[in-house]
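**Q** Mind folding the following:
(one chain, ligands or ions: 2)
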Amino acid sequence: MAEQDVPFRDKKIETASREELEKVQLAGLKKQVENGLKTPFYRDRLIKAGITSPDAITKVSDIRLLPFTTKNDLREAYPFGLLAVPKEEVVRIHASSGTTGTPTVIYLTQNDLNLASDTMARSLTAAGGTRSDIIQNMMTYGLFTGGLCFHYGAELMGAMVIPTSAGNTIRQLKFMKDFGTTIIHATPSYLLHLHAAIESAGYSFEDLKLRKAITGAEPHSEELRCKIQDKLGIEVYNCYGMSEMNGPGLAFECIYRAGMHVWEDRYIMEIVNPETLEPVPDGETGELILTILCRDAMPLIRYRTRDLTRIIPGTCECGRTHRRIARFTGRTDDMLIINGVNVFPSQIEEVLLRTHGVGASYFITVEKKGVLDKMTVQVEITPEMFADDARVIHALKDRLCQEMAALITIRPTIIIKQPGSIPISEGKAKRVEDLRNLP
Ligand code: ADP
Ligand code: ZN
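**A** Numbering: from 1, shown residues only. Ligands and ions are numbered 1, 2, ... in the order given. Got it, this is the predicted structure:
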């Protein structure tokens, strides 16, 4: 493709020199520190780190003077501990998917939302989306950013958006066919499912105008991308995001699909060794640390995403100067992503611990059943419960399943085990086995 055909939303900033980008980053970082000092949460931490004013930051690398922030910190700051503007200025909140208990919430002003939409519109444009596209968003609407934040970005780009949300495949297909959907946004697992659904619904691929899919929210391999591309005959783009960073589109593939550009005028990225928290050399894998620069209502400084990736060295053929990151190879914590929903083993444990008749040991297995993930929880019961009637044990099983479903939004299969039958591992307990090879 000739260089003039590469689509840009804002060519000037997307191709800015490193020097120009760093100038924007420095101003943004100072602003975040200034905002941080206005929040109960960061004020103490920044002052403890010796930062009492944004003037302490004179270059981008001074970011290393600032403390890291974790997901648990965000829970601690719930509900408004990270608010840096008067409450009346907040126009929307979002929260991380699947995690209940204390959720991690973000708040946005109207200007923050405009910038989030602009980032998403920029990403979609980079992937070749235009105002003539008809974009069907098959991600869940609600607190999850993959719904609304993607939606507003696609609208801002000028596309026609069909907010079908997730599920109801028959209706999805009907809309795709009747309205001539050209781009869809869905999880990789759903895209695989869609192929089979199109065939079993008796539609032919010629009935559809589909040309691209945007996918993300869960790890997937290059092989899976190729498989979906081959089966559906479309281009598939990888999109990275998380609610803490305003949702999808913080990193996105351009038409060359050779790694995801991180929008560095809006986010500062660092890649560190997760043990030492020291930066790793460019090209080496480590934990991605992000600082958001495009949000006033809620600063988030040096956020530990727990996602493992590396910077792809060299420049992209598209001419963008914003550096690219590779597909994620895993996480540094025990969070599982099951059919797109984030699940922590501690949430399962929480249900077991509060249930009478349940013993101390449990074991979680996650595997692939067809294109979907399936979670099984083996649970040891107490000797008293084991001696009880089969009906009582059956009721316990149902109750555990329901309570877990209420907490994590997916229904695991529960297998009741007799006391002492789950082996106790020596040293650190291994309670999870993930049998899914990345598809
Ligand atoms: P989501 O519901 O989209 O997963 P959350 O904010 O709840 O949003 O979770 C964000 C996490 O999802 C990320 O930290 C990462 O682990 C995972 N994720 C999001 N996009 C991708 C992607 N393209 N590839 C791999 N993992 C992803
Ligand atoms: Zn590119």
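**Q** What residues does the stretch 251-400 of the chain have near ligand 1?
**A** 305, 307, 328, 331, 342 (C-beta under 6 Å from any ligand atom). Every residue, glycine included, has its C-beta placed from N, CA and C.
**Q** Quick check: the gap between the residue of the stretch 101-250 of the chain found nearest ligand 2 and ligand 1.
**A** Closest residue of the stretch 101-250 of the chain to ligand 2, C-beta to the ion: Ala126 (7.0 Å). According to C-beta to the nearest ligand atom, to the nearest Å, Ala126 and ligand 1 sit 15 Å apart.
**Q** which residues touch that residue?
**A** Applying C-beta atoms under 8 Å, 6 or more residues apart in numbering, we find Ala126 in contact with 7-9, 14, 252-255, 261, 318, 320.
**Q** Verify the contact between Met298 and Leu82 for me.
**A** Yes: the pair Met298 and Leu82 passes the contact test of C-beta atoms under 8 Å, sitting 4.8 Å apart.
**Q** Now do the phi/psi pair for Ile106.
**A** phi -120, psi 150 (degrees, to the nearest 10).
**Q** Return the residues in contact with it.
**A** For Ile106, counting by C-beta under 8 Å, 6+ apart, the contacting residues are 93-95, 243-244, 246, 295, 297-298, 300.
**Q** which two in these are spaced the farthest apart?
**A** Largest separation among the contacts of Ile106 by C-beta to C-beta: Ala95 and Arg295, giving 15.1 Å.
**Q** Can you pick out the residue with more neighbours from these two?
**A** Arg295 (25 against 18; other C-beta atoms under 10 Å).
**Q** quick one: secondary structure of the nearest residue to Gly147 once chain neighbours are set aside?
**A** Distances taken as C-beta to C-beta, 6 or more residues apart in numbering place Tyr141 nearest to Gly147, at 3.4 Å, with adjacent residues excluded. Following DSSP: H, G, I helix; E, B strand; the rest coil, the label given to Tyr141 is coil.
**Q** quick one: stretch 102-115 to chain centroid distance?
**A** 15 Å (C-alpha atoms, centre = their mean, to the nearest Å).
**Q** Need the overlap of contacts for Met298 and Leu82.
**A** 39, 107.
**Q** Which of those two has more residues huddled nearby?
**A** Ranked by neighbour count (other C-beta under 10 Å), Met298 and Leu82 place Met298 first, with 29 against 26.
**Q** and that one, how far is that from Glu244?
**A** 9 Å (C-beta to C-beta, to the nearest Å).
**Q** so where do the strands sit in the stretch 151-300 of the chain?
**A** Shown for the stretch 151-300 of the chain, the strands assigned by DSSP state E, counting those that start in this stretch span residues 160-162, 183-186, 212-216, 235-242, 247-253, 260-262, 267-272, 286-292.
**Q** Out of those strands, which gets nearest to Tyr107?
**A** strand 286-292 (12.4 Å).
**Q** got the CA positions of the closest one in PDB?
**A** Provided in PDB are the C-alpha atoms of strand 286-292 (Å, rounded to 0.1, in the frame of the first residue of the first chain):
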ATOM      1  CA  GLY A 286       8.100  -7.900  31.100                       C
ATOM      2  CA  GLU A 287       5.000  -6.500  32.900                       C
ATOM      3  CA  LEU A 288       3.300  -3.600  31.200                       C
ATOM      4  CA  ILE A 289       3.000  -0.500  33.400                       C
ATOM      5  CA  LEU A 290       0.700   2.200  32.200                       C
ATOM      6  CA  THR A 291       0.100   5.800  33.200                       C
ATOM      7  CA  ILE A 292      -3.000   7.500  31.800                       C
END
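**Q** so what does the next helix or strand after it touch, helix or strand wise?
**A** Where DSSP states H and E defines the elements, the next helix or strand beyond strand 286-292 is strand 303-309. Under the contact definition 3 or more C-beta pairs under 8 Å, 6 or more residues apart in numbering; DSSP states H and E, strand 303-309 sits against strand 286-292, strand 330-331.
**Q** Can you pull out the residues in contact with strand 303-309?
**A** The contact list for strand 303-309, computed with C-beta under 8 Å, 6+ apart, reads 68-71, 242, 244-245, 271, 274, 285-292, 325-333, 335.
**Q** swap in stretch 168-178?
**A** Stretch 168-178 has contacts (C-beta under 8 Å, 6+ apart) with 136, 138, 162, 164, 181, 184, 193-194, 197-198, 201, 203, 207-208, 210.
**Q** Ok, stretch 194-208 next?
**A** 169-170, 172-173, 176-177, 180-181, 184, 186, 228, 231-233, 371.
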